[in-house]
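Participant: generate a structure from the sequence data that follows.
(chains A and B)
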Amino acid sequence: MAIQLYRIDDRLIHGQVVVGWGQPLNARFLVLVDDLVASSDWEKELYRMAVPPEMDIYFADIDTAIKEHGRYAGDPRPGILITGDIASMLRLVRGVKAIGSVNLGGIHHRAGRSEKLRYVFLTPDEENQLRALEGSGVEVIAQDVPSARARPLTEVLEGEAK
Amino acid sequence: MSDTEGAGPQNPKAIVVGHGEFSAGLVSAVGQICGLADKLVVLSNVGQSPQDIEATLRHELARTGARVIFTDLPGGSATIAARRIAKDNPDIVLVSGVNLATLLDFVFSSAGTPEEAARSAAERGKASLIVIERG
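Facilitator: Predicted coordinates for the structure are as follows:
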C-alpha cells in the first residue's frame, strides 16, 4: 500500500489529517517530517497523543526522511507523510526522486503571504517552490479534504474569485 | 473567532474551541437550555494557522480570566494549541472531547476550583454517551 498521501500542512497532525484523510485511506501510519519536531521529545509526545491508537506515528527530520523513505514506501500498510511547509517537501522530493504527487492541504495566513484559496496563502518564494516541485515531475494538487475538488497548481496560483 | 454575543461574557468560566461552528452550536444549546451561555467563550479554528489559534487562545484566557479550555477532538489543532499553553501554565485545565452534557454540568458547577469543575463535567459528559437499548 505504501504512502497514499504526501501532504503539506502547517497544522501538521490535526483533524483533517487523522480523520478526514486517515479514515477513507484507512491510514495505519503517519510520517511527520519536521526538523523541529524531530529534535524535541516534548513536541513528539504532543503529536503522538494526537493520533488514534490504531495509527503508528514516525518522526523524522528531512535528512532522515530521505534516507528512510524506502522503508516507509515499502510498508505494506497505507500511510500518510506530512511536512509543515513547502520547502521541506521540496527537499524531500529532490532527495527521494520517487514521489509522484503532493497534496497542498493547508498553508495559512501570515505576513507576506497572499490568499490563493481559503486554506492556501503563499509568499512569492513559496509560489516559486511549488513551481519547482512541479518542475521536478511532481503533480501538485490543492485539496484540504477528500470531498473537496482537487485543484491543480495553475489554478491555485491564479487564486480564486472572491 | 468571537464571543457568543455582543461584547461578550462578563465572567466567563471556560473557553470552548473546535472545528467549524462546533463551539458556537454547543454554546448556543447551553443558552437555549439554561440561559448560561455567557459563562462560555466561543472560538473556532477556521482559517487559523497553528500560531494564530494559540495566540487567540492566550489572548482570550488573559482577557476573560478563564482557566478551563474545552476542545472537540483530542488530535485537533485547537487541542494541540491548548496543550502548548497548558505546558507552561499549570493552572490551565484542558478537556478534549467536549459535549453538551459536559458543558451543562460545568456551567452549573459549584466546585471549589476550575479543575474540580472540569473533572466533574468530563465525567458527566462521558456518562451521557450511551447506546439507548431498544424496548
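Participant: could you list the low-confidence segments of chain A?
Facilitator: A:1, A:161-162 (pLDDT under 70).
Participant: that one: strands as residue ranges?
Facilitator: A:3-9, A:29-33, A:56-60, A:79-83, A:101-106, A:114-117, A:120-122, A:139-142, A:151-152 (DSSP state E).
Participant: which strands and helices sit next to the first one?
Facilitator: Counting contacts by 3 or more C-beta pairs under 8 Å, 6 or more residues apart in numbering or on different chains; DSSP states H and E, strand A:3-9 is packed against strand A:79-83, helix A:86-96, strand A:101-106. From N, CA and C alone the C-beta is placed, and that goes for glycine too.
Participant: then stretch A:113-123 to PDB, C-alphas only?
Facilitator: C-alpha atoms of stretch A:113-123 as PDB (Å, rounded to 0.1, in the frame of the first residue of the first chain):
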ATOM      1  CA  ARG A 113       1.500  35.800   2.200                       C
ATOM      2  CA  SER A 114      -1.400  36.400  -0.200                       C
ATOM      3  CA  GLU A 115      -4.600  34.400  -0.300                       C
ATOM      4  CA  LYS A 116      -4.900  31.800  -3.100                       C
ATOM      5  CA  LEU A 117      -7.500  29.600  -1.600                       C
ATOM      6  CA  ARG A 118      -9.300  29.900   1.700                       C
ATOM      7  CA  TYR A 119      -6.700  27.400   3.100                       C
ATOM      8  CA  VAL A 120      -3.700  28.400   1.000                       C
ATOM      9  CA  PHE A 121      -1.700  31.600   1.400                       C
ATOM     10  CA  LEU A 122       1.600  31.900  -0.300                       C
ATOM     11  CA  THR A 123       4.600  34.200  -0.400                       C
END
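Participant: just the buried positions in it, please.
Facilitator: A:113, A:116-117, A:119-122 (16 or more other C-beta atoms under 10 Å in any protein chain shown).
Participant: spit out the contact partners of residue B:118.
Facilitator: Contact analysis of residue B:118 by C-beta atoms under 8 Å, 6 or more residues apart in numbering or on different chains lists B:14, B:68, B:93, B:95, B:106.
Participant: quick check: closest non-adjacent residue to it.
Facilitator: residue B:93 (4.4 Å; C-beta to C-beta, 6 or more residues apart in numbering or on different chains).
Participant: now do residue A:143
Facilitator: residue A:150 (4.5 Å).
Participant: contacting residues around residue B:125?
Facilitator: With C-beta under 8 Å, 6+ apart, residue B:125 has these contacts: B:97-99, B:101-102, B:105.
Participant: likewise for residue A:42?
Facilitator: residue B:87.
Participant: and residue A:113, by the same measure?
Facilitator: Taking C-beta under 8 Å, 6+ apart as the test, what residue A:113 contacts is A:107, A:121-123, A:126.
Participant: 10 Å instead?
Facilitator: A:107, A:120-127, B:49 (C-beta atoms under 10 Å, 6 or more residues apart in numbering or on different chains).
Participant: then residue B:110?
Facilitator: Neighbour list for residue B:110: B:116-117, B:120 [criterion: C-beta under 10 Å, 6+ apart].
Participant: quick check: it is in a helix.
Facilitator: No - with DSSP: H, G, I helix; E, B strand; the rest coil as the criterion, residue B:110 is coil rather than part of a helix.
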